[in-house]
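Colleague: Quick check, what structure comes out for this input:
(one chain, ligands or ions: 1)
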Amino acid sequence: MTAPFAILAQKLSGWLRNSTLRRLALALVLPFVGMMAAFGIAPDTVTDKIERSPVVENVTLQLPPAADPQQETYWRETRVERGDTIASILQRLQVDEASASLLLRHSRQARALYRLIPGRTVRAHTTGAGQLLALRYLNGTDLLKIDNERDELKIWEGPADVETRVMMGSGEIKSSLFAATDATDMSDAVAVQIAEVFSTDIDFHRDLRKGDRFAAIYEVHYHQGEPVKTGRLLSAEFVNQGKTFHAVWFENAEGQGGYYTLDGKNIRKAFLRSPLEFSRISSGYTNARFHPVLKTWRAHKGIDYAAPTGTRVRSTGNGIVDFAGRQGGYGNLVVVRHQSKYTTWYGHLSRIAVRRGQRVSQGEVIGYVGSTGLATGPHLHYEFRINNIHQNPLRVAMPPAPPLAPQYRTAFDDTARPIAERLSLLREIRTTSVQ
Ligand SMILES: [Zn+2]
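Modeller: You can find the predicted model right below:
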(Lines give C-alpha, C1' and ligand atoms only; values in the text may rest on other atoms or scores of the structure.)
Protein backbone atom coordinates (compact mmCIF):
# COMPACT_ATOMS: atom_id res chain seq x y z
CA MET A 1 0.00 0.00 0.00
CA THR A 2 2.77 2.45 0.83
CA ALA A 3 5.12 1.61 -2.05
CA PRO A 4 3.10 3.21 -4.83
CA PHE A 5 2.68 6.32 -2.71
CA ALA A 6 6.43 6.46 -2.09
CA ILE A 7 7.15 6.20 -5.80
CA LEU A 8 4.51 8.79 -6.59
CA ALA A 9 5.89 11.12 -3.97
CA GLN A 10 9.44 10.67 -5.27
CA LYS A 11 8.29 11.43 -8.77
CA LEU A 12 6.41 14.50 -7.64
CA SER A 13 9.37 15.59 -5.59
CA GLY A 14 11.59 15.27 -8.67
CA TRP A 15 9.16 17.28 -10.74
CA LEU A 16 9.04 19.93 -8.09
CA ARG A 17 12.74 20.58 -8.58
CA ASN A 18 12.04 21.26 -12.22
CA SER A 19 11.01 24.87 -12.17
CA THR A 20 8.92 24.72 -15.32
CA LEU A 21 6.68 22.02 -13.89
CA ARG A 22 6.66 23.19 -10.31
CA ARG A 23 3.66 25.42 -10.64
CA LEU A 24 1.38 22.73 -11.95
CA ALA A 25 2.86 19.99 -9.82
CA LEU A 26 2.31 21.94 -6.64
CA ALA A 27 -1.35 22.39 -7.47
CA LEU A 28 -1.55 18.62 -7.91
CA VAL A 29 0.51 17.63 -4.92
CA LEU A 30 -1.36 19.67 -2.35
CA PRO A 31 -4.54 17.57 -2.42
CA PHE A 32 -2.44 14.36 -2.31
CA VAL A 33 -0.52 15.47 0.71
CA GLY A 34 -3.73 16.42 2.44
CA MET A 35 -5.19 13.04 1.59
CA MET A 36 -2.19 11.10 2.80
CA ALA A 37 -2.10 12.97 6.05
CA ALA A 38 -5.81 12.47 6.55
CA PHE A 39 -5.62 8.71 6.09
CA GLY A 40 -2.39 8.34 8.00
CA ILE A 41 -0.84 6.04 5.42
CA ALA A 42 2.16 8.11 4.40
CA PRO A 43 5.44 7.02 6.02
CA ASP A 44 7.72 9.78 7.30
CA THR A 45 10.25 9.18 4.54
CA VAL A 46 7.68 10.19 1.97
CA THR A 47 6.78 13.48 3.61
CA ASP A 48 10.51 14.14 4.17
CA LYS A 49 11.12 13.95 0.47
CA ILE A 50 8.24 16.31 -0.28
CA GLU A 51 9.39 18.78 2.34
CA ARG A 52 12.61 19.35 0.44
CA SER A 53 10.75 20.81 -2.49
CA PRO A 54 11.28 24.56 -2.58
CA VAL A 55 8.62 27.11 -1.78
CA VAL A 56 7.15 28.63 -4.89
CA GLU A 57 6.26 32.27 -4.54
CA ASN A 58 5.19 33.57 -7.88
CA VAL A 59 2.60 31.14 -9.06
CA THR A 60 0.07 31.21 -11.85
CA LEU A 61 -2.04 28.21 -12.51
CA GLN A 62 -2.32 28.83 -16.23
CA LEU A 63 1.24 29.95 -16.86
CA PRO A 64 3.09 28.28 -19.73
CA PRO A 65 6.74 27.26 -19.16
CA ALA A 66 8.93 30.33 -18.69
CA ALA A 67 10.74 31.41 -21.83
CA ASP A 68 14.17 32.96 -22.23
CA PRO A 69 13.70 36.57 -21.04
CA GLN A 70 15.51 37.82 -24.15
CA GLN A 71 12.85 36.15 -26.29
CA GLU A 72 9.94 37.17 -24.07
CA THR A 73 6.86 38.55 -25.78
CA TYR A 74 3.86 40.24 -24.17
CA TRP A 75 0.14 40.43 -24.69
CA ARG A 76 -1.18 43.72 -23.37
CA GLU A 77 -4.68 45.02 -23.34
CA THR A 78 -6.26 48.40 -22.93
CA ARG A 79 -9.71 49.93 -23.02
CA VAL A 80 -10.40 52.79 -25.38
CA GLU A 81 -11.18 55.92 -23.35
CA ARG A 82 -12.69 59.23 -24.38
CA GLY A 83 -10.04 61.44 -26.00
CA ASP A 84 -7.81 58.53 -26.96
CA THR A 85 -5.79 58.56 -30.15
CA ILE A 86 -4.06 55.65 -31.86
CA ALA A 87 -0.81 57.09 -30.51
CA SER A 88 -1.98 57.16 -26.89
CA ILE A 89 -3.32 53.61 -27.16
CA LEU A 90 -0.12 52.27 -28.72
CA GLN A 91 1.81 54.04 -25.96
CA ARG A 92 -0.23 52.30 -23.26
CA LEU A 93 0.24 48.98 -25.04
CA GLN A 94 3.99 49.73 -25.22
CA VAL A 95 4.01 49.25 -28.97
CA ASP A 96 6.72 51.00 -30.95
CA GLU A 97 4.59 53.55 -32.80
CA ALA A 98 6.67 53.94 -35.95
CA SER A 99 6.64 50.26 -36.83
CA ALA A 100 2.98 49.90 -35.92
CA SER A 101 1.61 52.79 -37.95
CA LEU A 102 3.71 51.71 -40.92
CA LEU A 103 1.97 48.36 -40.75
CA LEU A 104 -1.49 49.68 -39.97
CA ARG A 105 -1.54 52.24 -42.78
CA HIS A 106 -0.93 49.55 -45.36
CA SER A 107 -4.30 47.99 -44.90
CA ARG A 108 -7.78 49.36 -45.46
CA GLN A 109 -9.30 46.90 -42.97
CA ALA A 110 -6.77 47.86 -40.33
CA ARG A 111 -8.13 51.39 -40.45
CA ALA A 112 -11.18 50.10 -38.57
CA LEU A 113 -8.83 50.46 -35.65
CA TYR A 114 -8.80 54.22 -36.18
CA ARG A 115 -12.49 54.40 -35.38
CA LEU A 116 -11.88 54.43 -31.67
CA ILE A 117 -15.03 53.92 -29.70
CA PRO A 118 -14.74 54.38 -25.91
CA GLY A 119 -15.21 51.19 -23.93
CA ARG A 120 -13.86 48.87 -26.60
CA THR A 121 -10.77 46.78 -26.15
CA VAL A 122 -7.47 46.61 -28.00
CA ARG A 123 -4.96 43.83 -27.35
CA ALA A 124 -1.43 43.87 -28.68
CA HIS A 125 1.23 41.20 -28.82
CA THR A 126 4.73 42.70 -28.84
CA THR A 127 8.35 41.78 -28.36
CA GLY A 128 10.08 43.16 -25.28
CA ALA A 129 11.41 45.95 -27.51
CA GLY A 130 7.90 46.97 -28.54
CA GLN A 131 7.80 45.51 -32.03
CA LEU A 132 4.22 44.74 -32.94
CA LEU A 133 3.50 41.05 -33.58
CA ALA A 134 -0.29 41.02 -33.46
CA LEU A 135 -3.34 43.16 -32.69
CA ARG A 136 -6.86 42.21 -31.68
CA TYR A 137 -9.68 44.73 -31.74
CA LEU A 138 -13.13 43.77 -30.61
CA ASN A 139 -15.23 46.09 -32.76
CA GLY A 140 -18.74 45.68 -31.43
CA THR A 141 -19.77 42.17 -32.49
CA ASP A 142 -16.84 41.86 -34.90
CA LEU A 143 -13.29 40.91 -34.21
CA LEU A 144 -10.39 42.38 -36.15
CA LYS A 145 -7.23 40.26 -36.08
CA ILE A 146 -3.94 41.55 -37.44
CA ASP A 147 -0.91 39.30 -37.41
CA ASN A 148 2.52 40.40 -38.45
CA GLU A 149 4.39 37.35 -39.65
CA ARG A 150 7.90 38.24 -40.74
CA ASP A 151 6.68 41.72 -41.71
CA GLU A 152 3.84 40.30 -43.73
CA LEU A 153 0.42 41.42 -42.52
CA LYS A 154 -2.31 38.83 -42.12
CA ILE A 155 -5.69 40.42 -41.51
CA TRP A 156 -8.93 38.72 -40.56
CA GLU A 157 -12.22 40.27 -39.67
CA GLY A 158 -15.33 38.34 -38.71
CA PRO A 159 -17.98 37.70 -36.13
CA ALA A 160 -16.61 37.52 -32.64
CA ASP A 161 -18.38 34.55 -31.14
CA VAL A 162 -16.72 34.35 -27.77
CA GLU A 163 -16.77 31.90 -24.90
CA THR A 164 -15.99 32.98 -21.36
CA ARG A 165 -13.53 31.17 -19.12
CA VAL A 166 -12.73 31.81 -15.49
CA MET A 167 -9.01 32.17 -14.78
CA MET A 168 -6.98 32.45 -11.60
CA GLY A 169 -3.62 33.98 -11.01
CA SER A 170 -1.46 35.37 -8.28
CA GLY A 171 1.78 37.22 -8.00
CA GLU A 172 4.15 39.26 -5.93
CA ILE A 173 5.22 42.87 -6.42
CA LYS A 174 8.94 43.05 -7.14
CA SER A 175 9.16 46.31 -9.07
CA SER A 176 5.62 47.26 -10.12
CA LEU A 177 2.13 45.83 -10.37
CA PHE A 178 2.42 45.61 -14.14
CA ALA A 179 5.73 43.79 -13.99
CA ALA A 180 4.10 41.32 -11.61
CA THR A 181 1.07 40.73 -13.84
CA ASP A 182 3.35 40.43 -16.91
CA ALA A 183 5.25 37.71 -15.06
CA THR A 184 2.04 35.82 -14.37
CA ASP A 185 0.55 36.24 -17.84
CA MET A 186 -2.36 38.37 -16.59
CA SER A 187 -3.29 41.18 -18.92
CA ASP A 188 -3.01 44.85 -18.02
CA ALA A 189 -6.77 44.90 -17.91
CA VAL A 190 -6.66 42.64 -14.85
CA ALA A 191 -4.01 44.82 -13.20
CA VAL A 192 -6.08 47.94 -13.86
CA GLN A 193 -9.23 46.30 -12.48
CA ILE A 194 -7.37 45.19 -9.36
CA ALA A 195 -6.15 48.77 -8.89
CA GLU A 196 -9.66 50.15 -9.51
CA VAL A 197 -11.36 47.75 -7.15
CA PHE A 198 -9.04 48.60 -4.27
CA SER A 199 -8.73 52.29 -5.17
CA THR A 200 -10.60 53.52 -2.10
CA ASP A 201 -8.29 51.58 0.25
CA ILE A 202 -4.92 51.63 -1.48
CA ASP A 203 -3.15 54.47 -3.27
CA PHE A 204 -1.50 52.44 -6.01
CA HIS A 205 0.82 55.35 -6.85
CA ARG A 206 2.33 55.67 -3.41
CA ASP A 207 1.45 52.71 -1.20
CA LEU A 208 2.80 49.71 -3.12
CA ARG A 209 5.81 47.97 -1.65
CA LYS A 210 8.11 45.20 -2.75
CA GLY A 211 6.70 41.98 -1.32
CA ASP A 212 3.04 43.02 -1.62
CA ARG A 213 1.02 40.11 -2.98
CA PHE A 214 -2.18 39.64 -4.89
CA ALA A 215 -4.45 36.90 -6.19
CA ALA A 216 -7.27 37.29 -8.65
CA ILE A 217 -10.11 35.30 -10.18
CA TYR A 218 -11.34 36.83 -13.41
CA GLU A 219 -13.11 36.15 -16.70
CA VAL A 220 -11.39 36.01 -20.05
CA HIS A 221 -13.33 35.94 -23.32
CA TYR A 222 -11.91 33.54 -25.88
CA HIS A 223 -12.39 33.41 -29.61
CA GLN A 224 -11.38 30.11 -31.20
CA GLY A 225 -9.15 29.21 -28.30
CA GLU A 226 -7.42 32.58 -28.18
CA PRO A 227 -8.03 35.21 -25.48
CA VAL A 228 -9.44 38.37 -27.06
CA LYS A 229 -10.70 40.34 -24.11
CA THR A 230 -10.45 40.33 -20.35
CA GLY A 231 -13.83 40.17 -18.69
CA ARG A 232 -14.81 41.05 -15.19
CA LEU A 233 -12.63 40.68 -12.14
CA LEU A 234 -14.73 38.31 -10.02
CA SER A 235 -12.70 38.49 -6.86
CA ALA A 236 -9.32 39.55 -5.64
CA GLU A 237 -7.10 39.62 -2.63
CA PHE A 238 -4.39 42.23 -2.13
CA VAL A 239 -1.84 42.20 0.66
CA ASN A 240 -0.45 45.73 0.94
CA GLN A 241 2.25 46.42 3.55
CA GLY A 242 1.04 43.42 5.55
CA LYS A 243 -2.63 44.41 5.49
CA THR A 244 -5.01 42.12 3.55
CA PHE A 245 -7.91 43.42 1.46
CA HIS A 246 -10.57 41.33 -0.25
CA ALA A 247 -13.12 42.07 -2.93
CA VAL A 248 -15.87 39.85 -4.29
CA TRP A 249 -18.11 40.83 -7.19
CA PHE A 250 -21.78 40.34 -6.37
CA GLU A 251 -24.82 41.09 -8.49
CA ASN A 252 -28.20 41.12 -6.78
CA ALA A 253 -31.51 39.87 -8.23
CA GLU A 254 -32.17 43.34 -9.72
CA GLY A 255 -28.93 43.12 -11.66
CA GLN A 256 -27.09 45.76 -9.60
CA GLY A 257 -23.52 44.70 -9.01
CA GLY A 258 -20.69 45.81 -6.82
CA TYR A 259 -17.63 44.68 -4.92
CA TYR A 260 -17.87 43.62 -1.30
CA THR A 261 -15.53 42.34 1.36
CA LEU A 262 -15.85 38.65 2.26
CA ASP A 263 -18.21 39.60 5.09
CA GLY A 264 -20.51 41.70 2.89
CA LYS A 265 -19.23 45.26 3.46
CA ASN A 266 -19.31 47.50 0.42
CA ILE A 267 -15.72 48.32 -0.53
CA ARG A 268 -16.64 51.59 -2.23
CA LYS A 269 -16.02 54.71 -0.20
CA ALA A 270 -16.86 58.35 -0.71
CA PHE A 271 -13.30 59.19 -1.88
CA LEU A 272 -10.62 57.48 -3.93
CA ARG A 273 -7.19 57.26 -2.31
CA SER A 274 -5.48 58.67 -5.38
CA PRO A 275 -6.66 61.22 -7.94
CA LEU A 276 -4.33 59.81 -10.60
CA GLU A 277 -5.46 57.18 -13.01
CA PHE A 278 -3.43 54.03 -12.58
CA SER A 279 -1.91 52.83 -15.84
CA ARG A 280 1.29 51.36 -17.16
CA ILE A 281 2.39 54.85 -18.16
CA SER A 282 1.52 56.71 -14.97
CA SER A 283 2.98 53.97 -12.81
CA GLY A 284 6.03 53.30 -14.95
CA TYR A 285 8.25 55.17 -12.53
CA THR A 286 9.37 52.53 -10.14
CA ASN A 287 11.74 54.81 -8.26
CA ALA A 288 9.18 57.52 -7.76
CA ARG A 289 6.74 55.02 -6.37
CA PHE A 290 8.96 52.97 -4.12
CA HIS A 291 11.10 55.78 -2.82
CA PRO A 292 8.65 58.64 -2.87
CA VAL A 293 10.10 62.01 -2.07
CA LEU A 294 7.50 62.87 0.51
CA LYS A 295 7.38 66.58 0.89
CA THR A 296 6.32 67.39 4.39
CA TRP A 297 2.61 67.62 4.72
CA ARG A 298 2.65 70.46 7.25
CA ALA A 299 4.58 72.90 5.10
CA HIS A 300 2.86 71.95 1.92
CA LYS A 301 -0.78 71.24 2.78
CA GLY A 302 -1.18 68.97 -0.18
CA ILE A 303 0.22 65.90 -1.84
CA ASP A 304 2.32 65.98 -4.99
CA TYR A 305 2.11 63.16 -7.47
CA ALA A 306 4.91 63.09 -10.03
CA ALA A 307 3.54 61.80 -13.33
CA PRO A 308 4.08 62.42 -17.02
CA THR A 309 2.28 65.38 -18.61
CA GLY A 310 -1.07 64.24 -19.94
CA THR A 311 -1.72 61.58 -17.29
CA ARG A 312 -5.44 61.58 -16.53
CA VAL A 313 -6.57 63.20 -13.27
CA ARG A 314 -9.80 61.92 -11.74
CA SER A 315 -12.22 63.44 -9.30
CA THR A 316 -11.77 61.45 -6.10
CA GLY A 317 -15.48 61.69 -5.24
CA ASN A 318 -18.92 62.58 -6.58
CA GLY A 319 -19.46 66.31 -6.59
CA ILE A 320 -19.90 69.60 -8.43
CA VAL A 321 -17.09 71.61 -10.02
CA ASP A 322 -16.62 74.72 -7.86
CA PHE A 323 -13.76 76.25 -9.82
CA ALA A 324 -12.12 75.51 -13.16
CA GLY A 325 -9.50 77.93 -14.44
CA ARG A 326 -6.24 79.65 -13.67
CA GLN A 327 -5.36 80.61 -10.11
CA GLY A 328 -1.89 81.99 -9.24
CA GLY A 329 0.65 79.40 -8.17
CA TYR A 330 -1.82 76.58 -8.71
CA GLY A 331 -1.75 77.23 -12.47
CA ASN A 332 -4.68 75.48 -14.09
CA LEU A 333 -6.82 74.43 -11.15
CA VAL A 334 -10.00 72.41 -10.65
CA VAL A 335 -11.84 72.46 -7.33
CA VAL A 336 -14.64 69.96 -6.75
CA ARG A 337 -17.17 70.33 -3.93
CA HIS A 338 -18.55 67.15 -2.35
CA GLN A 339 -21.53 66.99 0.05
CA SER A 340 -21.17 70.71 0.84
CA LYS A 341 -18.32 70.54 3.37
CA TYR A 342 -15.61 68.68 1.46
CA THR A 343 -13.56 70.15 -1.38
CA THR A 344 -10.77 68.55 -3.40
CA TRP A 345 -8.19 70.63 -5.28
CA TYR A 346 -6.22 69.60 -8.36
CA GLY A 347 -3.41 71.97 -9.42
CA HIS A 348 -0.76 72.50 -12.15
CA LEU A 349 -2.99 70.85 -14.79
CA SER A 350 -1.86 71.02 -18.40
CA ARG A 351 -5.48 70.89 -19.54
CA ILE A 352 -8.86 71.18 -17.82
CA ALA A 353 -11.65 68.84 -18.94
CA VAL A 354 -14.62 70.23 -16.96
CA ARG A 355 -16.56 73.49 -16.51
CA ARG A 356 -17.69 75.29 -13.37
CA GLY A 357 -21.06 73.99 -12.14
CA GLN A 358 -20.64 70.64 -13.86
CA ARG A 359 -21.59 67.50 -11.92
CA VAL A 360 -18.80 64.91 -11.80
CA SER A 361 -18.80 61.39 -10.51
CA GLN A 362 -16.07 59.56 -8.65
CA GLY A 363 -13.30 58.53 -11.04
CA GLU A 364 -14.38 60.91 -13.80
CA VAL A 365 -11.54 62.62 -15.65
CA ILE A 366 -11.43 66.34 -14.79
CA GLY A 367 -8.07 67.25 -16.34
CA TYR A 368 -4.54 66.21 -17.20
CA VAL A 369 -1.24 66.40 -15.34
CA GLY A 370 0.94 69.36 -16.27
CA SER A 371 3.33 71.95 -14.84
CA THR A 372 1.36 75.20 -15.02
CA GLY A 373 1.74 77.75 -12.18
CA LEU A 374 4.56 77.33 -9.67
CA ALA A 375 5.78 73.88 -10.66
CA THR A 376 9.28 72.76 -11.48
CA GLY A 377 8.17 69.67 -13.37
CA PRO A 378 5.01 67.84 -14.37
CA HIS A 379 3.08 66.77 -11.29
CA LEU A 380 -0.34 66.92 -9.73
CA HIS A 381 -0.84 68.99 -6.59
CA TYR A 382 -3.76 67.50 -4.66
CA GLU A 383 -5.51 69.00 -1.64
CA PHE A 384 -8.34 67.76 0.51
CA ARG A 385 -10.23 70.29 2.63
CA ILE A 386 -13.05 69.98 5.14
CA ASN A 387 -14.91 73.27 5.74
CA ASN A 388 -12.04 74.88 3.82
CA ILE A 389 -9.45 73.60 6.30
CA HIS A 390 -6.62 71.54 4.81
CA GLN A 391 -6.63 67.90 5.79
CA ASN A 392 -4.09 65.23 5.07
CA PRO A 393 -6.04 63.06 2.63
CA LEU A 394 -4.01 60.05 3.73
CA ARG A 395 -5.27 60.47 7.30
CA VAL A 396 -8.90 61.41 6.70
CA ALA A 397 -11.31 58.63 7.59
CA MET A 398 -13.34 58.01 4.47
CA PRO A 399 -17.09 57.51 4.96
CA PRO A 400 -18.09 54.05 3.64
CA ALA A 401 -20.76 53.26 1.05
CA PRO A 402 -23.91 51.41 2.21
CA PRO A 403 -23.44 47.71 3.02
CA LEU A 404 -25.19 44.79 1.37
CA ALA A 405 -28.98 44.80 1.88
CA PRO A 406 -29.97 42.07 4.39
CA GLN A 407 -32.23 40.24 1.90
CA TYR A 408 -29.20 39.46 -0.31
CA ARG A 409 -27.09 38.12 2.51
CA THR A 410 -27.67 34.40 1.83
CA ALA A 411 -27.13 34.76 -1.91
CA PHE A 412 -23.96 36.73 -1.22
CA ASP A 413 -22.60 34.12 1.18
CA ASP A 414 -23.23 31.44 -1.45
CA THR A 415 -21.15 33.50 -3.90
CA ALA A 416 -18.42 34.52 -1.50
CA ARG A 417 -17.77 31.18 0.20
CA PRO A 418 -16.40 29.21 -2.80
CA ILE A 419 -14.47 32.29 -3.91
CA ALA A 420 -12.87 32.66 -0.49
CA GLU A 421 -11.85 29.00 -0.70
CA ARG A 422 -10.27 29.46 -4.13
CA LEU A 423 -8.42 32.59 -3.04
CA SER A 424 -7.08 30.78 0.00
CA LEU A 425 -5.95 27.86 -2.18
CA LEU A 426 -4.10 30.33 -4.42
CA ARG A 427 -2.52 31.87 -1.33
CA GLU A 428 -1.39 28.50 0.03
CA ILE A 429 0.14 27.35 -3.21
CA ARG A 430 1.98 30.62 -3.27
CA THR A 431 3.21 30.94 0.26
CA THR A 432 3.11 27.62 2.07
CA SER A 433 5.82 25.01 1.95
CA VAL A 434 4.50 21.50 1.57
CA GLN A 435 4.79 19.67 4.87
ZN1 LIG B 1 2.20 70.65 -4.40
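Colleague: Pick out the residue of this structure closest to the ion.
Modeller: Using Cβ to the ion, the closest approach of the chain to the ion is made by H381 at 3.3 Å. Placement of C-beta: from N, CA and C, glycine included.
Colleague: Three-state assignment for that residue, please.
Modeller: For H381, the secondary-structure state derived from DSSP: H, G, I helix; E, B strand; the rest coil is strand.
Colleague: same for the lengthiest strand in the chain, what does it pack against?
Modeller: Using DSSP state E to define each element, the chain has its longest strand at strand 226-240. If contacts are counted by 3 or more Cβ pairs under 8 Å, 6 or more residues apart in numbering; DSSP states H and E, strand 226-240 sits against strand 73-79, strand 121-127, strand 132-139, helix 188-197, strand 213-223, strand 243-251, helix 409-431.
Colleague: partners of the second one in the sheet?
Modeller: Which is strand 121-127. Sheet partners assigned to strand 121-127 using DSSP bridges are listed as strand 73-79 (antiparallel), strand 132-139 (antiparallel).
Colleague: Tabulate these (CSV), appending mean pLDDT and distance to the ion.
Modeller: As requested, the strands paired with strand 121-127 are arranged in CSV below (pLDDT from 0 to 100; distance: least, Cβ to the ion, whole Å):
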stretch, mean pLDDT, distance to the ion
strand 73-79, 83, 29
strand 132-139, 85, 38
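Colleague: Save these as TSV, and put in distance to E172 and mean neighbour count too.
Modeller: Rendered in TSV, the data for these read as follows (distance: least, Cβ to Cβ, whole Å; neighbours: other Cβ atoms under 10 Å):
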stretch	distance to E172	mean neighbour count
strand 73-79	19	19
strand 132-139	28	20
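Colleague: closest to E196 out of those strands?
Modeller: Shortest separation from E196 across the strands paired with strand 121-127 is recorded for strand 73-79, at 11.0 Å, computed as Cβ to Cβ.
Colleague: For the next helix or strand after the closest one, which helices and strands make contact with it?
Modeller: Following the chain from strand 73-79 toward its C-terminal end, the next helix or strand by DSSP states H and E is helix 86-92. Contact analysis of helix 86-92 by 3+ Cβ pairs under 8 Å, 6+ apart lists strand 73-79, helix 97-105 as its packing neighbours.
Colleague: now the shortest one, how far from the centre of its chain.
Modeller: The chain centroid and the centroid of strand 73-79 are separated by 12 Å under Cα atoms, centre = their mean, to the nearest Å.
Colleague: what angle sits between it and helix 188-197?
Modeller: 50 degrees (axes from the mean of the first three to the mean of the last three Cα atoms, to 10 degrees).
Colleague: residues in contact with strand 73-79?
Modeller: When contacts are defined by Cβ atoms under 8 Å, 6 or more residues apart in numbering, strand 73-79 is touched by residues 89, 92-94, 118-128, 133, 182, 185, 187-189, 192, 227, 229-230, 280.
Colleague: isn't the residue of the chain closest to the ion right up against L349?
Modeller: No - taking Cβ atoms under 8 Å as the definition, H381 is not a contact partner of L349, at 9.3 Å.
Colleague: More neighbours: those two, which one.
Modeller: Using other Cβ atoms under 10 Å, the more surrounded residue of H381 and L349 is L349, with 26 against 22.
Colleague: Return the per-residue confidence for that one.
Modeller: The score at L349 is 97. That number is its pLDDT.
Colleague: who's in contact with it?
Modeller: So, once contact is read as Cβ under 8 Å, 6+ apart, L349 ends up touching 313, 331-334, 367-370, 372, 380.
Colleague: do that again at 7 Å, thanks
Modeller: Contacts were defined as Cβ atoms under 7 Å, 6 or more residues apart in numbering; by that measure L349 touches 313, 331-332, 334, 367-370, 372.
Colleague: interface residues of this protein facing the ion?
Modeller: Taking Cβ under 5 Å from the ion as the measure of proximity, the chain contacts the ion at 302, 304, 381.
Colleague: export these to a markdown table and tack on pLDDT and distance to D84?
Modeller: Compiled in a markdown table, the residues of the chain next to the ion are given as follows (pLDDT from 0 to 100; distance: Cβ to Cβ, whole Å):
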| residue | pLDDT | distance to D84 |
| --- | --- | --- |
| G302 | 82 | 29 |
| D304 | 85 | 26 |
| H381 | 91 | 25 |
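Colleague: and which of these is nearest G242?
Modeller: Taking Cβ to Cβ as the measure, G242 lies nearest D304 of the residues of the chain next to the ion, at 26.0 Å.
Colleague: What is the burial count for V80?
Modeller: As a measure of burial, V80 has 18 neighbours, counting by other Cβ under 10 Å.
Colleague: got the buried residues for the longest strand of the chain?
Modeller: Of the residues in strand 226-240, 227-231, 233-240 count as buried by neighbour count, 16 or more other Cβ atoms under 10 Å.
Colleague: Show me what the residue of the chain closest to the ion is bridged to.
Modeller: In this structure, H381 has beta-bridge partners D304, G347, where bridges are defined by DSSP bridges.
Colleague: for the stretch 151-300 of the chain, which spans come out with low pLDDT?
Modeller: Of all residues in the stretch 151-300 of the chain, those with pLDDT under 70 make up the ranges 151, 281-300.
Colleague: and the nearest residue to Y346 once chain neighbours are set aside, what pLDDT?
Modeller: Nearest-residue entry for Y346: V334, 4.6 Å, with adjacent residues in sequence omitted and distances by Cβ to Cβ, 6 or more residues apart in numbering. In the prediction, the pLDDT value recorded for V334 is 98.
Colleague: Quick one, which of the helices and strands packed on helix 86-92 gets closest to Y114.
Modeller: In terms of Cβ to Cβ, the element of those nearest to Y114 is helix 97-105, at 8.0 Å.
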